[in-house]
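Asks: show me how the following folds:
(chains A and B)
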2 protein chains.
Amino acid sequence: MQLTTTAIDIGTSRPLVLLHTDDAEELGAHPLDRVRLEQGETVTTGIVKRTDALVNPGSVGVTEPLHHIHGTVDVTLAGTPKSVRYVRKKLDDIELQADELKTIVQDINTNRLSDVELSAYVSAVYANGLSLEETKHLTEAMSDVGQQLSWESPIVADKHSIGGVAGNCVTPIMVAIVTAAGLTMPKTSSRAVTSPAGTADVMEVLCEVEFSLPEITDIVTETNGCLVWGGGVDLSPVDDEIIRAENPLSIDPPGQLMASVLSKKRSAGSTHVVIDIPYGEGAKVESLVAARELADDFKRVAEHLDMDVSCAITHGTDPIGRGVGPALEARDVLEVLEGDGPDSLRMKSLQLASMLLEHCGVEASATELLDSGAALEQFQRIVTAQGGDPDIDSGDIETASEVKTVTAGRAGIVTRVDNRQLCDLARRAGAPRDQLAGLAIHRTVRESVDSGDTLYTIHAESESKLAEATALSEQLEPIRVRSEADALVERR
Amino acid sequence: MQLTTTAIDIGTSRPLVLLHTDDAEELGAHPLDRVRLEQGETVTTGIVKRTDALVNPGSVGVTEPLHHIHGTVDVTLAGTPKSVRYVRKKLDDIELQADELKTIVQDINTNRLSDVELSAYVSAVYANGLSLEETKHLTEAMSDVGQQLSWESPIVADKHSIGGVAGNCVTPIMVAIVTAAGLTMPKTSSRAVTSPAGTADVMEVLCEVEFSLPEITDIVTETNGCLVWGGGVDLSPVDDEIIRAENPLSIDPPGQLMASVLSKKRSAGSTHVVIDIPYGEGAKVESLVAARELADDFKRVAEHLDMDVSCAITHGTDPIGRGVGPALEARDVLEVLEGDGPDSLRMKSLQLASMLLEHCGVEASATELLDSGAALEQFQRIVTAQGGDPDIDSGDIETASEVKTVTAGRAGIVTRVDNRQLCDLARRAGAPRDQLAGLAIHRTVRESVDSGDTLYTIHAESESKLAEATALSEQLEPIRVRSEADALVERR
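Replies: I've put the predicted structure just below:
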């Protein structure tokens, strides 16, 4: 069928072909079918969207990825892409081969799957799982479509946390310690997606984090490390697309999780990686058994990829550190580097840094590197290289001026500090977009409190956000206080 | 956040809320999150779409279902709808309760689920199956959101075929026989979705098929039956939405299939139903065992709904009748009613009609009703009531004038007549949109042919479509002829 092309913008990055219902009927094209657009030698494929309003009969609307097509095109039905057949195969619980996973990843990467198909992929992987073989192949495929970094040093240290814990900003401290021991650790981190602060958001309080690859190389050459935003270097571009489908369903299947993490590490050129797996009530992994299983699987897949991976199974029930939100976490980080700071953050950073040093075969004491000030000095070099003020100390960190203190309504014992509720509250207060907003947590589990004692402080950059966060805090109970009689035993 | 509403049309029937990326960031709203739009007492919920191009910061775009909202609205994050949690539960392979399935069905019915969520539902049902309990509850929920028909007669006969067989237009013949026996059979049928002709498309060659409910009631009062398009009475509106997600994935999970079929029958007020389950190579159900299982399940679910269901397990490997396409099938139907016609169509119609008569407790011979002309007379009454010409006979049926005859390339035996390939070919020739287009099949399995004997004829309404169908026929081999030596044994 000969149709005239019209460029159209309906806010999608998918190659959609908008056909008037009459033309679609004539062609026998259903919604989400594929059609071929031919113009001389040039053939492009797009996904059908039927409409009565946006194009006239005889016209064909094309979305942004197809805006290079002009004039008259010959439109014919095309088959279903192979990747959709493989998604169906996974729904049938049949193991996928390397080339099949590669095709799926490539089609996701070029936005060739519709939301229905992408979601079926994610659902199939969630419902039927991925074998270790599949996870290995998926990791390679995901890494292959991303940018590949390489470093001069034969040992490149890295870390990752599977997330879900409020605060928990151990990465800058680890990078400072590990690079102070002479290792190379070019750390790329994410910004927050559903949390109140990613490592990149925290570092941005102190210095720049968005750099090009040559700039990153310069920073690493100068300082042995970096603490930059990974989004600028596109290590595993399909990951964002997959997360876009996982988020609304709140699913994060282990095989996909491993492939996402390891593909980024592989693309980043990392050779020795410590993975932090927080577990416990409310964490992503609820039981110790499941955490151990995931750790073993991570190691098996990594082995296949010639990567040395160690896993740290950590307590994921409570927050790590006092602050939740970019500036409040940056203050915690500086305090620890200055030799003070919240114990939970100091201890976890030291433990993970020790693991990483040992894992890389370096005999050095993380505690000594921290307590001697070597780590702080090294951190300041990185901050300077990333355009920040090297002389900043924890006392200089501003936090948002609108403040609400939440106190205990009764005397008793703190029985629970809820990561998810704290994150929701910090986000409602404006984090991570409002850098200075978030929470300061003043109590930890099993502490005794008196009625009227401060539990946590909400910081917000505007009165309205403080009011919103305060309203939410009244519905939630992120820090639970119970009387001594009720604190330790649940009677029923 | 206060934003100003702009009506926007991006060709969707979903209630989408288009936020500029800056505003979405500020709100913490991710793609596919829900937001609440508040205006005084009125609160509406929509699905977030982020865009840089379609709305300015400070504005909020709303799609067609939300076009009633004007002026300034207060936009806040809303939680995930409960139905999405239930979809996730099904992905976790946990049995859903009646109220949970009801919530899912209601949200699909009001277009409240995004494509990602709808696809996850369909994928979860496919991957993890539905228990009988779930299927019963789903059927009730699907039927409850549709229009309910009711009839004076205590016995209301009906039939359904799960499809996949080319030709197979037994319904008009069955309705003619069964109503001639005095039973009530108000038959609503579908148009083709992926096939070359639905029963409604075939009937439309002879009379009108689109009627309002009062009109249908009049036709049934006058003739005991009808043969109308079911889309006009909206018996199970969510079915179309579910099929929209199933089609691109080519999946049709049994539980969902049963719920779709039985919900329509329940809404249609049917009490006694015969369900045709074609099985075999290339059919929807491949094995006799699976067909029997599906039949038993259908009966169990129907029992719970106070519906009497019998299942006919039939041969689904070959076409039924000679014609494929609206006019060509209409001619077959008239020929059988006139006492002649293709044997396969006559025999299958008689068998199913007998089953339905017996099932309804009526002692009457389908063969006698057909051979005496009573069925033809009854059919003519229905055609008249539906605005058609009662005197039309099979010789009057026109077929498309552009014709291409495909002949056997060698002498031998027909080893396979492939339903799917014939359907693809008939659609390529223009069916069902071109009423007169389609195929006439001249050979059946196990027949001997000589080189040059006609296998099938392609009919098309235009030269270009004939050329397209002919080109496709050269790639396919819908009627396979093998030499006697190769016909019965596969050597390898």
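Asks: so what's the residue positioned nearest the centre of chain A closest to, chain neighbours aside?
Replies: Centroid-nearest residue in chain A, with C-alpha atoms, centre = their mean: A:Ser190, separated by 5.5 Å. Ranked by C-beta to C-beta, 6 or more residues apart in numbering or on different chains and with sequence neighbours excluded, the top spatial neighbour of A:Ser190 is A:Gly198, at 4.6 Å. Where you see a C-beta, it was placed from the backbone N, CA and C, and this is true even at glycine.
Asks: ramachandran angles for the one you found?
Replies: Backbone torsions for A:Gly198, taken as degrees, to the nearest 10, come to phi -90, psi 170.
Asks: tell me the pLDDT at it?
Replies: What the model reports as pLDDT for A:Gly198 is 95.
Asks: now A:Arg491
Replies: For A:Arg491, the model assigns a pLDDT of 65.
Asks: would you confirm that the residue nearest to the centre of chain A contacts A:Thr199?
Replies: Yes: between A:Ser190 and A:Thr199 a contact is recorded at 7.2 Å, counting by C-beta atoms under 8 Å.
Asks: name the residues of the stretch 151-300 of chain A found near chain B, please.
Replies: Contact residues, the stretch 151-300 of chain A versus chain B (C-beta under 8 Å from any C-beta of the partner chain): A:193-194, A:244-245, A:247-251.
Asks: hang on, the earlier thing: ok, the residue nearest to the centre of chain A - contacts?
Replies: A:198-200, A:229-231 (C-beta atoms under 8 Å, 6 or more residues apart in numbering or on different chains).
Asks: what subset of the residues of the stretch 151-300 of chain A next to chain B is buried?
Replies: Buried by 16 or more other C-beta atoms under 10 Å in any protein chain shown: A:194, A:244-245, A:247-249, A:251, out of those.
Asks: which element is the residue in the stretch 201-350 of chain A that chain B sits nearest to on?
Replies: Distances between the stretch 201-350 of chain A and chain B by C-beta to the nearest C-beta are smallest at A:Pro248, namely 4.1 Å. Here A:Pro248 sits within helix A:238-249, counting by DSSP states H and E.
Asks: A:Ala291 too?
Replies: Element membership of A:Ala291, judged by DSSP H and E, is helix A:288-304.
Asks: by contact count, what packs against that helix?
Replies: If you count contacts as 3 or more C-beta pairs under 8 Å, 6 or more residues apart in numbering or on different chains; DSSP states H and E, helix A:288-304 packs onto helix A:132-144, helix A:254-267, strand A:272-279, strand A:308-315.
Asks: with mean pLDDT added, can I get those in JSON lines?
Replies: Below are those laid out as JSON lines (pLDDT from 0 to 100):
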{"stretch": "helix A:132-144", "mean pLDDT": "95"}
{"stretch": "helix A:254-267", "mean pLDDT": "94"}
{"stretch": "strand A:272-279", "mean pLDDT": "96"}
{"stretch": "strand A:308-315", "mean pLDDT": "94"}
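Asks: what's next to the helix or strand of chain A at the bottom of the mean pLDDT ranking, contact-wise?
Replies: Every helix and strand of chain A was ranked by mean pLDDT, DSSP states H and E. The lowest is helix A:484-487, at a mean of 70. Identification of contacts with helix A:484-487 by C-beta under 8 Å, 6+ apart yields A:412-413, A:415.
Asks: pipe those residues into JSON lines and attach pLDDT, distance to B:Asp276 and neighbour count per row.
Replies: Converted to JSON lines, the contacts of helix A:484-487 look like this (pLDDT from 0 to 100; distance: C-beta to C-beta, whole Å; neighbours: other C-beta atoms under 10 Å in any protein chain shown):
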{"residue": "A:Gly412", "pLDDT": "92", "distance to B:Asp276": "69", "neighbour count": "19"}
{"residue": "A:Ile413", "pLDDT": "91", "distance to B:Asp276": "68", "neighbour count": "18"}
{"residue": "A:Thr415", "pLDDT": "88", "distance to B:Asp276": "62", "neighbour count": "15"}
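Asks: turn those into TSV, including secondary structure and distance to A:Ser401.
Replies: Shown next, in TSV, are the contacts of helix A:484-487 (DSSP: H, G, I helix; E, B strand; the rest coil; distance: C-beta to C-beta, whole Å):
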residue	secondary structure	distance to A:Ser401
A:Gly412	strand	32
A:Ile413	strand	33
A:Thr415	strand	32
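Asks: so which of these comes closest to chain B?
Replies: Lowest distance from chain B to the contacts of helix A:484-487 (C-beta to the nearest C-beta) belongs to A:Thr415, with 25.6 Å.
Asks: tell me who's in contact with that closest one.
Replies: Residues in contact with A:Thr415, defined by C-beta under 8 Å, 6+ apart, are A:445-446, A:480-482, A:487.
Asks: which of these sits closest to chain B?
Replies: A:Arg480 (21.5 Å).
Asks: and the residue lying closest to that closest one once chain neighbours are set aside, its phi and psi?
Replies: Using C-beta to C-beta, 6+ apart and skipping the chain neighbours, the partner closest in space to A:Arg480 is A:Arg416 (4.2 Å). The phi and psi torsions at A:Arg416 (degrees, to the nearest 10) take the values phi -160, psi 140.
Asks: okay, A:Arg416: pLDDT?
Replies: 90.
Asks: tell me the contacts of it?
Replies: So A:Arg416 contacts A:317, A:445, A:479-480 (C-beta under 8 Å, 6+ apart).
Asks: including neighbour count, could those residues go into a markdown table?
Replies: Below are the contacts of A:Arg416 laid out as a markdown table (neighbours: other C-beta atoms under 10 Å in any protein chain shown):
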| residue | neighbour count |
| --- | --- |
| A:Thr317 | 17 |
| A:Val445 | 15 |
| A:Ile479 | 25 |
| A:Arg480 | 16 |
